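# model the following, please.
(one chain, ligands or ions: 1)
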Amino acid sequence: MTEKLSEETRKTVLKPLFDTGWAMVDGRDAIHKTYVFDNFVSAFGWMTQVAIWAEKWDHHPEWDNIYKTVNVTLTTHDVDGLSALDAKLARKMDGLFGGGAA
Ligand SMILES: C[C@H](O)[C@H](O)[C@H]1CNC2=NC(N)=NC(=O)C2=N1
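Reported below is the predicted structural model:
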């Protein structure tokens, strides 16, 4: 059963993500990051890769894409807040991001 991250766990799990550009969303127990790619095809290709992992892990992002920019928000709807799955997917997203214009 997925659980909300405890205050203690957040200190270790979220810190590395904040170091790579993730930030808490005002008013939500969620994290957000904007990825900027070299072009639309790179952005969409990255989204496609992420989508496969999201489906495999049954954990899906809230995201939008405008041309070469992808805005991502992660939270776990089932627990109405951040869980380990959000950190896991965020790490995967960062790992798949080869570095664009961002
Ligand atoms: C039925 C399905 O397993 C659930 O709705 C999954 C799907 N993907 C999900 N994604 C996210 N971000 N949070 C969830 O709670 C969630 N739940």
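# what residues does the protein put near the ligand?
Within the chain, the positions lying close to the ligand (CB under 6 Å from any ligand atom) are Asp58, His59, His60, Thr76, His77, Asp78. Yep, even glycine has a C-beta here, placed from its N, CA and C like the rest.
# which residue, other than its chain neighbours, is closest to the last one?
The shortest distance from Asp78 to any residue that is not its chain neighbour, by CB to CB, 6 or more residues apart in numbering, is 5.7 Å, and that residue is Thr2.
# could you pull out the helices in the protein for me?
Under the criterion DSSP state H, the chain contains helices at 7-13, 15-19, 40-57, 84-96.
# picking that back up, looking at the residues of the chain next to the ligand, spot the one nearest Thr9.
For these, the minimum distance to Thr9 (CB to CB) is 13.4 Å, reached by Thr76.
# touching, the closest one and Leu82? I think so.
Yes - applying CB atoms under 8 Å, one finds Thr76 in contact with Leu82, separated by 6.6 Å.
# who has more neighbours, those two?
Remark: of Thr76 and Leu82, Leu82 carries more neighbours, 24 against 20, as counted by other CB atoms under 10 Å.
# skipping its backbone neighbours, what lies nearest the more buried one in space?
Residue nearest to Leu82 in three dimensions, not counting chain neighbours: Leu5, with 4.9 Å by CB to CB, 6+ apart.
# distance check, the nearest residue to Lys92 once chain neighbours are set aside against Arg91.
Distances taken as CB to CB, 6+ apart place Trp53 nearest to Lys92, at 5.2 Å, with adjacent residues excluded. Here the criterion is CB to CB, to the nearest Å. By it, Trp53 lies 10 Å from Arg91.
# in the protein, where is pLDDT below threshold?
For the chain, the stretches flagged by pLDDT under 70 are 99-102.
# so who does the most centrally placed residue in it touch?
Nearest to the geometric centre of the chain sits Ala90, at 3.7 Å (CA atoms, centre = their mean). Neighbouring residues of Ala90 by CB atoms under 8 Å, 6 or more residues apart in numbering: Leu17, Trp22, Ile31, Lys33, Leu74.
# many thanks, we can stop here.
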